[in-house]
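[1] Sequence and predicted model, in that order:
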Amino acid sequence: MDLNSIYSEIIMEHNASHHNKRHIEGADVVEQGHNPSCGDEIELELKINDNIIEDAAFTGVGCAISQASTSIMIDLIKGKTVDEAKHIIETFLGMIKRKITDEKQLEILEDALALKNISNMPARVKCAVLAWHTLDQSLNKHNP
Ligand SMILES: [Zn+2]
């Protein structure tokens, strides 16, 4: 199996799995994200304690890329500090904009590397970055 099919499998798996789709009781931050160009809508919920993202979940509708990207992001940021999460967001957006190409630097993205090829599909970029911008806004709101 080549790398591209492994990557599409990660996206399909996250799109089909709803393990991050739920509500968090007593969430500290709830933030909505919309991508009107595709019709993607997500609502991200975070539980932040002592600067650590203790829990994260989302609800929403949209294309496979937007939903998978959100789920992959949640798996990645859970248990991380706010600063670590911000660094991960910057790295992800840098990868999509092709500003960060160094593989060592991109390693922290783990499964989110599956979305790298989206940068070749300009129409889908907004689907892929929706969750990450929404998370960025959430963290800024929590800790301005
Ligand atoms: Zn979309």
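    Received, thanks. Numbers count the residues shown, from 1 in each chain.
[2] What ranges does this protein have for its helices?
    3-16, 64-77, 82-96, 103-106, 122-142 (DSSP state H).
[3] of these, which approaches Glu43 most closely?
    Across those, Glu43 has its closest neighbour in helix 122-142 (8.5 Å, C-beta to C-beta). C-beta coordinates here come from the backbone N, C-alpha and C atoms, glycine included.
[4] Can you tell me which helix or strand of this protein has the lowest average pLDDT?
    helix 3-16 (a mean of 84; mean pLDDT, DSSP states H and E).
[5] Which positions in the protein make contact with the ion?
    Cys38, Asp40, Cys63, Ser66, Cys127 (C-beta under 5 Å from the ion).
[6] Low-confidence regions, this protein specifically.
    Where the chain drops to pLDDT under 70, the residues are 1-3, 144.
[7] what sits against the residue sitting nearest the centre point of it?
    The chain has Met73 as the residue nearest its centroid, 3.2 Å off, counting by C-alpha atoms, centre = their mean. Taking C-beta atoms under 8 Å, 6 or more residues apart in numbering as the contact definition, Met73 lies against Phe92, Ala112, Ala131, Trp132, Leu135.
[8] Taking those together, which two end up most distant?
    Every pair of those checked by C-beta to C-beta; the farthest is Ala112 and Leu135, at 11.8 Å.
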